[in-house]
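Enquirer: mind folding the following:
(chains A and B)
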Amino acid sequence: MAERSHAGGGMTRRQTLRLLGAAALAAAVGTGCRETAGPGPKSSVFVAKASGYDADLGDILRRGLAELGVSREELAGKRVLLKPNLVEPHAGAGHINTHPLVVRAAAEAFLAGGAASVLVAEGAGHRRDALLVLEESGLGEVLASEGLAFTDLNSGPVHLARNLGGVSKLGDLWLPEALAKVDLVVSVAKMKTHHWAGATLSMKNLFGVMPGAVYGWPKNVLHFAGIEPSILDIAATVRPGFAIVDGIVGMEGDGPIMGDPVAAGVLVMGRSCLAVDASCCRVMGIDPSRLGYLRGADGRLGTIDAARIEQRGEALAAVRRDFVLLDYVPAQHGIRLAS
Amino acid sequence: MDHDALKPYFAALRERTRPDGACALTPDGEPRPDATAWAAMALHAAGLAPEAVAAARAALARLQAADGRVPLLPGRPEAAWPTVLAMAAWLPDPAYDGRVRAGAAWLLGHPGATWKKDPNGIFGHDPSIKGWNWIEGTHSWVEPTSQAVLVLAALPEPPAGLGPALDEAARLLLDRQLPDGGWNYGNTRVFQNMLLPIPECTGHALAALAGRAGREAVTRSLAYLSGPDCAAATPLCATWRAFGLGAWDAAGPDILENLAVALGRQQRYGPYDTPLLAQLLAAAASRGRFADIVRRSAHG
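Expert: This is a model prediction of the structure:
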């Protein structure tokens, strides 16, 4: 129930029509993530192997930024917000969350790249005690040792932002003021299958920017509005400028909480959340065009077309690890990527 | 717990109250009704600053809508979860009985969304049972249901229909209890997996169920909440562990001392938001007795 109401998570016909209209608007005015659809430049996604969290993750992410053409001039003076996935930490279940060492490495990479500051921020989906979330996830210790600041997006001040997606029935979106005070939002997600959405990656991770004080714990308003339309609206409005997905140990089966750990051994990153998520799906053995929200975003927030995503680093075939999909979970039916 | 040790934290809380009675969410932030309500409750529980408590109650009264709710933001009336907190702040003072009645009427008229249980469905709980929600129009969840029970049960003049509503809410909480003990935000089984408990949710449910369920019905949950999985000295965990166990006469010295430890950890994490700070103080001052905070008393 936490993840979907009886109203369901998919898109209605009316929402599909809204989506088509919004896509036309996006094409006209350039709404959406930084790499847009159309016959323009391809998206680039960097995939790196990482056998464990003891690898030099900072080096991997710095290399990724360089491969993706993120220059020092581009990051200079930027205030960066890292948004990990800490939906519902439990002690001893690290595969639920973005690993703290990935967050640390991301902070290191952006600061080394010239960013003025890094803030870590999350609005946990199911838990109101943000400090307990930090302690049980292990992130609190890393933040303390690195001197990194944390903001609870669930409970702080909010502002009303125009909904640039217009797909769901959410209307304008209440967003944390913390988002308005940074220059670059980075979705630092976990690679997981998901029992309502098929997979949760850098776009679904954005549910965590929505303040619980306004949308509830769980964020039931988003479930009643439809998970997939809500993802599209939030992604179009928040417009993260970068995505990093922790697939070193991901989750398969009954994600996002109760699935099993899977050592996929990868980090995936790029400027386009959509392209990153599409590549992650291919790593997981999932056809991105079979996930409603990725299909809905295709051509609007970027591309999921493999031919238009320039893969850097490891070839996808070399790191593919088919995540277990469950017969009894409808959202995971028929989404396996053909070999 | 040494009450002198609480003085600097109460002083910090007082510094966040404005002349108009409203309380800032953060030391340098804007007021918010949940901050004002919890500040009033904490000060009242400690018998401190009656003028500030009175001003806070008046500030909350100015936020109450004509239909009885107290919304988080003027532009977001659906986020009406502060209503029950405002009622808790008002309850000790008879001058606010009318506002409490209006809040209760709104709550009783706005339970969480329900639907028929599917015996072969993917959810373990019974979604047809009514409780309360965080946001108007959504499903009932454990914490808002528990808070509503705690406050509605303390009404000096129970309105018509209150008894059955409280009974149903208690039934909801028991239905959402996990088989091995504890509660999370409000799901039990989803698909084939039983979900995991969360300390602060468990504390809420146990506090609300005291006097409404037999000890045998919550034995495993009491064990979970008093055990090592719930021993973290973080604000909501420590607060609601004390309120949950306190309601069952099980908040021993270590449970109460953990509140002071949690307060002290602001040295690591920085100043807590006012609702967190005030909840810890309310739990400490009341020695884990939420019922004492909303009870009408001499220093009302």
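
Enquirer: count residues in the vicinity of residue 155, would you?
Expert: I'll assume chain A. 21 (other CB atoms under 10 Å in any protein chain shown). For glycine as for every other residue, the C-beta is placed from the backbone atoms N, C-alpha and C.

Enquirer: oops, wrong one, chain B.
Expert: Count around B:Leu155 with other CB under 10 Å applied: 17.

Enquirer: tell me the SS of it?
Expert: Recorded secondary structure, B:Leu155: coil (DSSP: H, G, I helix; E, B strand; the rest coil).

Enquirer: residues touching it, list them.
Expert: Going by CB atoms under 8 Å, 6 or more residues apart in numbering or on different chains, B:Leu155 touches B:Leu91, B:Val100, B:Arg101, B:Ala104, B:Leu162.

Enquirer: what of B:Thr17?
Expert: B:Cys23, B:Ala24, B:Ala39, B:Ala52, B:Ala55, B:Ala56.

Enquirer: ok, now how distant is the first one from A:Leu131?
Expert: The spacing between B:Cys23 and A:Leu131, counted by CB to CB, to the nearest Å, is 20 Å.

Enquirer: the last one now?
Expert: Distance, B:Ala56 to A:Leu131, using CB to CB: 25 Å.

Enquirer: of those two, which one has the most company?
Expert: B:Ala56 (31 against 24).

Enquirer: thought that one was touching B:Pro19?
Expert: No - judged on CB atoms under 8 Å, B:Ala56 makes no contact with B:Pro19 at a distance of 11.6 Å.

Enquirer: mind listing the shared neighbours of these two?
Expert: With CB under 8 Å, 6+ apart, B:Ala56 and B:Pro19 have no common neighbours.

Enquirer: can you give me the helices in the chain?
Expert: If you meant another chain, say so; for now it's chain A. Counting by DSSP state H, chain A has these helices, from start to end: A:13-29, A:57-67, A:72-75, A:100-112, A:130-137, A:139-146, A:177-180, A:212-215, A:220-224, A:227-238, A:273-283, A:292-297, A:316-319.

Enquirer: I was thinking of chain B, sorry if that wasn't clear
Expert: Using DSSP H, helices in chain B cover B:7-15, B:33-46, B:50-63, B:82-90, B:97-109, B:142-152, B:162-175, B:199-209, B:219-226, B:235-246, B:253-264, B:266-269, B:274-285, B:290-294.

Enquirer: picking that back up, looking at the helices of chain A, which is nearest to A:Ala91?
Expert: Between A:Ala91 and the helices of chain A, the tightest spacing by CB to CB is seen for helix A:130-137, at 5.0 Å.

Enquirer: what about the chain, any weak spots by pLDDT?
Expert: In the absence of a named chain, this looks at chain A. Across chain A, the ranges flagged by pLDDT under 70 are A:1-41.

Enquirer: switch to chain B, that's the one I care about
Expert: Flagging of chain B using pLDDT under 70 yields the residue ranges B:1, B:297-300.

Enquirer: ok, B:Asp126 - how many residues close by?
Expert: B:Asp126, neighbours per other CB under 10 Å, totals 15.

Enquirer: would you confirm that it contacts B:Leu173?
Expert: No - in this structure, B:Asp126 is not within contact of B:Leu173 by CB under 8 Å, at 11.7 Å.

Enquirer: coming back round to it: between the contacts of B:Thr17, which is nearest B:Ser226?
Expert: Nearest member of these to B:Ser226, counting by CB to CB, is B:Ala39, at 28.7 Å.
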